[in-house]
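[1] pasting the sequence and the predicted model now:
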Amino acid sequence: MNFESFADALCLPSPLEPFAPDWEGAEHVSMFVKRDDKIHLIISGNKWRKLKYAFALLPHQEMALNSQAGLRSDLNTQLPSSVVSFGGGFSNHLHALGYLCHQLNVPFHAIIRGDYTKHPSPMIQDLVEWGAQVRYVNKITYQQRDDPTYLASLRTQFPDALIIPEGGSQIAALKGVQEVVNEIEIPFDHIIAPVASGATLAGLTSALSPHQHAIGIGVLKGDGYLEGLVEQFLEPGLALNGRTNSQFSINHDFHCGGYGKIPPYLKTFCENFNRTMPFEIEGVYSGKVFWALKHLLATLASTNASTNVGEKRTIEKGQTLIIVHTGGIQGARKNKTP
């Protein structure tokens, strides 16, 4: 299978579905869920969006976060000789990329934080089944994943390989994520999505009209840190798109203890949600977004007209909200693994 035929088989544009939960305050706004989780059973949500143009990068331009010099204007039909990327033992990104490489018959090398030799996660088991080469590294080595010297050593080991950053977060990701906004044919005020590595929120923000606003829900502890991740992508976009970082804000009140932390109250919320709603969520990303949304709506109901979402931006009664379901099931699989 080639890249273009794989892309043509995906569910795109992803559906935009009305969302009207029986939550306090929900009656004051109009809500729609952008069902990127329906794009593909395995390569769903923002993982496909961020990988779509990754293979369109020219050799040795893949790690340039703030330059579009190596990015082709269309999908590249010439596949890389191999792919290298990074992630944790339950990485949705590695899972999606491993499957894509398997389908395209491209050798894949996964550099994984931590040693799962004795107890490989379901994600790692899938990678091995798909023929990926898995390399476990310790925390100190993993922290060098963006270091130029370390990357140079990887290029020596894997000549002409495409090296994709952790989470697929690079300048090429923004173009794919922008298509989420471009596919929405109704007027809206806010678009809401989880934030971990920054590229998804940056891509959404860079595609907005001046009156629109992106709300990120931080899924890890990172007040100030997450804003910096987003801004590193938006800085070149300021000249390209005329956007400013006033069009996004990040709410840090709903990380629930940190990345991958799923306390009992969040687990219960997700379980109840999955029993009563027409689609499912998990506790690492999407669950925290809808948990935050429920609380923000409740606050809106108790105020005269609006509720703060950060950086002096507010959700107001009568507005239209788009919630991006970014897919990803590895967090849920983690919870089901002994």
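    Okay, I see it.

[2] and the lowest mean pLDDT element among the helices and strands of this structure?
    Ranking every helix and strand in the chain by mean pLDDT, DSSP states H and E puts helix 330-336 at the bottom, with a mean of 56.

[3] break the protein into its domains for me.
    Following automatic domain parsing, one gets these domains for the chain: 3-44+170-336, 46-168.

[4] now do the same end-to-end measure for the shortest one.
    The first residue of domain 46-168 is 9 Å away from its last residue (C-alpha to C-alpha, to the nearest Å).

[5] and Thr156, which helix or strand is it part of?
    Secondary structure from DSSP states H and E places Thr156 in helix 148-157.

[6] show me what that helix is packed up against.
    Secondary-structure packing of helix 148-157 (3 or more C-beta pairs under 8 Å, 6 or more residues apart in numbering; DSSP states H and E): strand 162-164. Every residue, glycine included, has its C-beta placed from N, CA and C.

[7] kindly recompute the last result at 7 Å.
    Counting contacts by 3 or more C-beta pairs under 7 Å, 6 or more residues apart in numbering; DSSP states H and E, helix 148-157 packs against no other helix or strand.

[8] same question for it, mean pLDDT?
    Helix 148-157 shows a mean pLDDT of 96.

[9] extract the CA atoms of it and return them as PDB.
    The C-alpha coordinates for helix 148-157 follow below in PDB (Å, rounded to 0.1, in the frame of the first residue of the first chain):
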ATOM      1  CA  PRO A 148      21.500  18.000  18.300                       C
ATOM      2  CA  THR A 149      24.500  15.800  19.300                       C
ATOM      3  CA  TYR A 150      22.200  12.900  20.200                       C
ATOM      4  CA  LEU A 151      20.200  13.300  17.000                       C
ATOM      5  CA  ALA A 152      23.400  13.400  15.000                       C
ATOM      6  CA  SER A 153      24.400  10.000  16.500                       C
ATOM      7  CA  LEU A 154      21.000   8.600  15.500                       C
ATOM      8  CA  ARG A 155      21.500   9.800  12.000                       C
ATOM      9  CA  THR A 156      24.800   8.000  11.900                       C
ATOM     10  CA  GLN A 157      23.100   4.800  13.100                       C
END
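
[10] spatially nearest residue to Pro159 (excluding sequence neighbours)?
    Ser81 (7.8 Å; C-beta to C-beta, 6 or more residues apart in numbering).

[11] I meant to write Thr299 there.
    In space, Thr299 is closest to Thr307, 4.2 Å off (C-beta to C-beta, 6+ apart).

[12] repeat for Ala161
    Leaving aside its sequence neighbours, Ala161 sits nearest to Ser82 (C-beta to C-beta, 6+ apart; 4.4 Å).

[13] Leu297 too?
    Among residues not flanking Leu297 along the chain, Gly25 sits closest, at 3.4 Å (C-beta to C-beta, 6+ apart).

[14] next, count neighbours for the one you found.
    Applying other C-beta atoms under 10 Å, we find 20 residues neighbouring Gly25.

[15] just checking, it touches Lys294?
    No. In this structure Gly25 lies outside contact range of Lys294 using C-beta atoms under 7 Å: 8.5 Å.

[16] center of this structure - which residue?
    Taking C-alpha atoms, centre = their mean, the centroid of the chain lies closest to Asn46, which sits 4.3 Å from it.

[17] that one in helix, strand or coil?
    helix (DSSP: H, G, I helix; E, B strand; the rest coil).

[18] and Ile191, by the same measure?
    strand.

[19] Asn182 and Asp160, how far apart?
    33 Å (C-beta to C-beta, to the nearest Å).

[20] residue contacts, Lys52?
    Applying C-beta atoms under 7 Å, 6 or more residues apart in numbering to Lys52 gives the contacts Gly176.
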